[in-house]
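A.B. asks: give me a model of this one.
(one chain, ligands or ions: 3)
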Amino acid sequence: MSDPLLVVDQLQVHFRAGGRGRGVVHAVDGLDLVVGVSEFVGIIGESGCGKSTLGKTLVHVNQPTSGRILLRGDDVTSPDRERLRRLRREIQFMFQDPHSSLNPRFTTREILKEPLIANRISATDKDLARMLDRVALPESALDRYPHEFSGGQRQRIGLARAMALDPDLLILDEPVSGLDVSVQAQVLNLLSEIRREGNAAFLMITHDLEVVKHSADRVAVMYLGVIVEEGPVAEVLDDPAHPYTRALVSATPSAPGARERIVLAGELPSPLSPPSGCRFRTRCWKARSICAERTPALEAAGALRRVACHFPETRPDSASDEGVSA
Ligand SMILES: Nc1ncnc2c1ncn2[C@@H]1O[C@H](COP(=O)(O)OP(=O)(O)OP(=O)(O)O)[C@@H](O)[C@H]1O
Ligand code: SF4
Ligand SMILES: [Mg+2]
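C.D. replies: Ligands and ions are numbered 1, 2, ... in the order given. Just a heads-up that it's a prediction; the model follows:
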């Protein structure tokens with residue numbers, strides 16, 4: 001991996017559930033993640049596992065409960081006002097739902113200008129037209145409102161706005177969900193082009209493994225608030241080491257790592273009371289008593305991969321299912 005741009009160290013984001021005394025939602029619960037300079041990292045995991053909460057916390061829409069966030073080595077976990085202002089320029093977040101993230105009362109011109117004005121940057125219509133051109137939209141789009149565009153075009157406006165301040169890191173929350181396959185491909189190709197042209201790193205949140213395969217260098221697999229496996233996309237998806245990754249891959253029949261289809265028993269457990277030890281143990285076909293007693297750490301499994309499991313599927317250096325000591 002390239003030099004670290006972003007380091008997330010044991011991040012916890014907890015919410016109070018339904019008012020006083022009704023428990024704590026452990027949405028993100030001890031999460032480790034590294035994103036390199038100019039790297040494209042995909043985060044995958046099923047609905048409710050904490051992906052959006054992670055993204056929103058990195059841009060301080062949500063506040064961390066504990067843990068650390070470092071950007072180029074600078075601790076930005078609890079930034080003061082001035083640092084937060086700069087951070088909002090360095091890290092951009094494209095929200096999950098373009099319908100709600102683009103102000104319906106603003107024209108595209110006003111939407112694009114908003115982050116520039118907030119950072120005291122002036123822009124002519126020519127500058128704005130260049131921003132639109134970057135996402136393959138015509139200058140005439142400047143005077144139109146969000147409802148006058150298709151879903152794919154709205155995503156591209158969101159992308160142009162997110163790129164307006166030339167961020168170091170762009171977080172994309174489900175950038176192509178809800179778009180039909182051909183429009184998905186257009187948006188993903190556009191992302192690849194933008195990436196080739198600049199130096200920004202990308203953190204893309206998605207539940208779609210095909211999208212990750214198309215775009216990302218590395219993938220991090222999230223389960224109930226933690227990363228359970230991460231590494232190069234081809235390595236992780238072709239030969240999953242964590243049982244949960246294997247189950248996810250098996251549900252994508254075209255994936256090379258999909259052997260037989262694994263249907264997971266039950267739902268994602270409630271983040272109000274995550275299971276002890278390994279969070280995946282209530283659905284894991286390999287669980288043993290130690291899995292309830294000891295939380296597996298995210299540890300190196302091969303040169304570039306890390307896995308959090310006492311009995312990983314494959315372990316290049318030992319390859320043993322019995323290889324854990326209590
Ligand atoms: N502000 C909040 N207050 C209380 N609970 C929250 C809040 N935001 C998120 N949660 C809870 O945290 C958990 C993780 O939610 P999150 O939106 O991060 O999941 P996700 O992985 O993005 O899911 P999806 O794929 O459906 O978008 C869920 O149980 C959710 O209900
Ligand atoms: S630690 Fe145990 S329960 Fe968790 S994924 Fe590994 S084998 Fe399954
Ligand atoms: Mg989400």
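A.B. asks: what's the burial count for residue 37?
C.D. replies: Residue 37 has 16 neighbouring residues, counting by other CB atoms under 10 Å. Placement of C-beta: from N, CA and C, glycine included.
A.B. asks: burial count for the nearest residue to residue 6 once chain neighbours are set aside?
C.D. replies: Excluding its sequence neighbours, the residue lying closest to residue 6 (CB to CB, 6 or more residues apart in numbering) is residue 35, at 4.2 Å. When neighbours are counted by other CB under 10 Å, residue 35 registers 26.
A.B. asks: what do you get for residue 69?
C.D. replies: If you count neighbours by other CB under 10 Å, residue 69 ends up with 22.
A.B. asks: what lines up beside whichever strand or helix holds it in the sheet?
C.D. replies: Element membership of residue 69 [criterion: DSSP states H and E] is strand 66-71. Paired neighbours of strand 66-71 in the sheet (DSSP bridges): strand 4-16 (antiparallel), strand 74-75 (antiparallel).
A.B. asks: mind checking the pLDDT average for it?
C.D. replies: Averaging pLDDT along strand 66-71 gives 98.
A.B. asks: pick out the residue of the stretch 201-326 of the chain closest to ligand 1.
C.D. replies: residue 271 (4.7 Å; CB to the nearest ligand atom).
A.B. asks: quick one: residues contacting that residue.
C.D. replies: Counting by CB atoms under 8 Å, 6 or more residues apart in numbering, residue 271 touches 25-27, 29, 48, 50, 224-225.
A.B. asks: find the helix or strand that it is a member of.
C.D. replies: Here residue 271 is assigned to no helix or strand, by DSSP H and E.
A.B. asks: returning to what we had before: in the strand holding residue 69, what counts as buried?
C.D. replies: Of the residues in strand 66-71, those buried by neighbour count under the rule 16 or more other CB atoms under 10 Å are 67, 69-71.
A.B. asks: for stretch 142-153, same thing?
C.D. replies: For stretch 142-153, by 16+ other CB under 10 Å, it's 142, 146, 149, 151-153.
A.B. asks: got the end-to-end distance for that stretch?
C.D. replies: Distance across stretch 142-153, first residue to last, is 12 Å (CA to CA, to the nearest Å).
A.B. asks: could you pull up the mean pLDDT of it?
C.D. replies: Averaged across stretch 142-153, the pLDDT comes to 92.
A.B. asks: run a quick neighbour tally on residue 166.
C.D. replies: 11.
A.B. asks: so who does it touch?
C.D. replies: Contacts of residue 166 by CB under 8 Å, 6+ apart are 198, 200.
A.B. asks: excluding chain neighbours, give the residue nearest to the residue of the stretch 101-250 of the chain found nearest ligand 2 in space.
C.D. replies: Going by CB to the nearest ligand atom, ligand 2 is nearest to residue 243 of the stretch 101-250 of the chain, at 4.5 Å. Excluding the flanking residues, the one nearest residue 243 by CB to CB, 6+ apart is residue 284, at 5.2 Å.
A.B. asks: can you pull the contacts of that neighbour?
C.D. replies: 243-244, 278, 291.
A.B. asks: same thing with residue 103?
C.D. replies: Applying CB under 8 Å, 6+ apart, the residues contacting residue 103 are 110-111, 146.
A.B. asks: that one sits in which helix or strand?
C.D. replies: Residue 103 belongs to no helix or strand, assigned by DSSP H and E.
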